[in-house]
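A.B. asks: A structural model of the following input is requested.
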Amino acid sequence: MKALSQSQIDEAQAIINNTRAGIYELRDIYGDLWDSVQSPTSFGMKFKATVVAGLLSSIKLCKKKTNNHHTYEVLK
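C.D. replies: Numbering: from 1, shown residues only. Okay, the predicted model is just below:
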């Protein structure tokens, strides 16, 4: 699976840097910006691949919820 583009990685890192430590679904990390995501499912897969590849700092993949949404832990 392809990772996010460099500009998307830069944006994601800025968002992560401004997010309090805790466990979140991706839509909660992005907050109001989530509404501007073109294809949430495709973006979510790319975001996960980016996290797993270690291209974002201060975040790790957690478990999948029963609604099939992944959770992420923001570390500080």
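A.B. asks: Neighbours of the nearest residue to Val52 once chain neighbours are set aside, how many?
C.D. replies: In space, and not counting its chain neighbours, Val52 is closest to Leu61: 6.1 Å by C-beta to C-beta, 6 or more residues apart in numbering. In short, each C-beta sits where N, CA and C put it, glycine included. The number of residues packed near Leu61 is 13, by other C-beta atoms under 10 Å.
A.B. asks: swap in Arg20?
C.D. replies: As a burial measure, Arg20 scores 7 neighbours (other C-beta under 10 Å).
A.B. asks: got it, and the one 3 residues further on?
C.D. replies: Neighbours of Ile23 under the rule other C-beta under 10 Å: 12.
A.B. asks: quick one on the thing from earlier: the residue nearest to Val52 belongs to a strand?
C.D. replies: Yes: under DSSP: H, G, I helix; E, B strand; the rest coil, Leu61 sits within a strand.
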